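**Q** got a predicted model here, sequence first, then my questions.
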Amino acid sequence: MTDESIYFMESEKRIADLKNMPAYLAEINATPACLDLFTREEQFLTTSLEYQLKLNKSSKAFTIAGVEIREVVATDFGITASVMSSYGEKINNADLKGLTAYTYTKLNKEKVLDQLNDCKHILGLITTHAAGLVGYKIDAKYITGLQGLVAQLEQISKLPQDIIKQRAIDNTMYEDHEKLTKKFFEKEMDPFMEIYRKEYVEFYLAYVAARKVRHHHLKRKAILPDVETTTGILELLVLDKVSMEPLPGVQLLIASLNIVETFDEDGETYNDKIAPGSYQAKMFMEGYKDIEFSFVIEAGKYTTLQFVMEAV
């Protein structure tokens, strides 16, 4: 899945989680159109999670194993090539001296079949110069280790084509589902939720904050909270009270954390690795009334808050 899809699914989860707030749930249940939309949104989310499970269970395990093995291969054969080039300088052998090109970076970045062929080339040179390389610590035991790595690499290069094809099919089906889900939001749910700009602004702000594909790949690499981490994440969104449009340029001050920053073009800030606890903060911008607020950070969780700023 792309970073954008990861964050889009996170958005789906956050929208569904709004029903966990008693006040919002009461409003949802009391309004037939709202209840219908949130029910269907949960159905879209359920299907998204099913596809995510499929994609994680298909070739992902092979891919992860392949990455790990390839890194070990690149490290060990990169070192071996370097040592062999040293011996090549001593005996003035062009083939061995040329092994300086077989670095970790080259071996790790190239395609798996190219990496496999390069490793076999190095093993072939070891066989040819075995006697002289023993003194360079490339002995029988060392060679056996290299041969074992090549055997593992060969298995990775033979990843079953049916698994690859099925993953491609699942991924295409998810992309089609994601398109339908986005259309549902853009054509039905987003337009309806506009009513809460007048009827229930807190609910509207919570929806807008959940709805945003926040900090997708255009802003940062997708890194989701880890339940085992000891810190938390703070996300803020600020809108103009009249237009309900994002307010870029607002200043954020959290004195106890030495945080002083500016809301971006989407009216957002993002701060991670914050120690759990209660904090005081202030938002201010020329022409608007200041906002002072408190927030609580929990380990391994997002704290998401939304505000509207009123012009002076």
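**A** Thanks, I have the structure now.
**Q** what mean pLDDT does stretch 76-92 get?
**A** Average pLDDT, stretch 76-92: 96.
**Q** buried ones in that stretch, by neighbour count?
**A** For stretch 76-92, a neighbour-count test (16 or more other CB atoms under 10 Å) marks 76-78, 80-81, 83-85, 87-88 as buried. For every residue, glycine as well, the C-beta is placed using N, CA and C.
**Q** which outside residues touch it?
**A** Stretch 76-92 is contacted by residues 93-100, 102-104, 106-107, 118-119, 122, 125-126, 129, 132-133, 136-138, 145-146, 149 when judged by CB atoms under 8 Å, 6 or more residues apart in numbering.
**Q** also stretch 146-157?
**A** Outside stretch 146-157, the residues within contact range by CB under 8 Å, 6+ apart are 62, 65-66, 69-70, 72-73, 76-77, 80, 112-113, 115-116, 119-120, 122-123, 126.
**Q** in it, what's buried?
**A** For stretch 146-157, the neighbour count (16+ other CB under 10 Å) marks 146, 149-150, 152-153, 156 as buried.
**Q** how much distance is there from the helix or strand hosting Ile6 to the middle of the chain?
**A** Element membership of Ile6 [criterion: DSSP states H and E] is helix 3-17. Once both centres are worked out by CA atoms, centre = their mean, to the nearest Å, helix 3-17 turns out to sit 12 Å from its chain's centre.
**Q** just checking, next helix/strand downstream of it?
**A** Note on helix 3-17: by DSSP H and E, the next helix or strand toward the C-terminus is helix 22-30.
**Q** quick one: that following helix to helix 3-17, angle?
**A** 80 degrees (axes from the mean of the first three to the mean of the last three CA atoms, to 10 degrees).
**Q** how far off centre is helix 22-30?
**A** 32 Å.
**Q** before we move on, what about stretch 131-141?
**A** On CA atoms, centre = their mean, the centre of stretch 131-141 falls 44 Å from the chain's centre.
**Q** picking that back up, which single one of the buried residues of stretch 146-157 is nearest to Pro22?
**A** Ile156 (51.2 Å; CB to CB).
**Q** now that closest one, what's its secondary structure?
**A** Put simply, Ile156 is helix when judged by DSSP: H, G, I helix; E, B strand; the rest coil.
**Q** what ranges do the helices span in the stretch 151-300 of the chain?
**A** Assigned by DSSP state H, counting those that start in this stretch, the stretch 151-300 of the chain shows helices spanning 161-184, 190-193, 196-199, 201-211.
**Q** in the stretch 201-312 of the chain, where is pLDDT below threshold?
**A** For the stretch 201-312 of the chain, the stretches with pLDDT under 70 are 213-228.
**Q** all strands for it, in order.
**A** Along the stretch 201-312 of the chain, counting by DSSP state E, counting those that start in this stretch, strands occupy 232-240, 251-254, 259-262, 268-274, 277-284, 291-297, 302-309.
**Q** Tyr24: which of those strands is closest?
**A** Nearest to Tyr24, of all the strands of the stretch 201-312 of the chain, is strand 302-309, at 13.0 Å by CB to CB.
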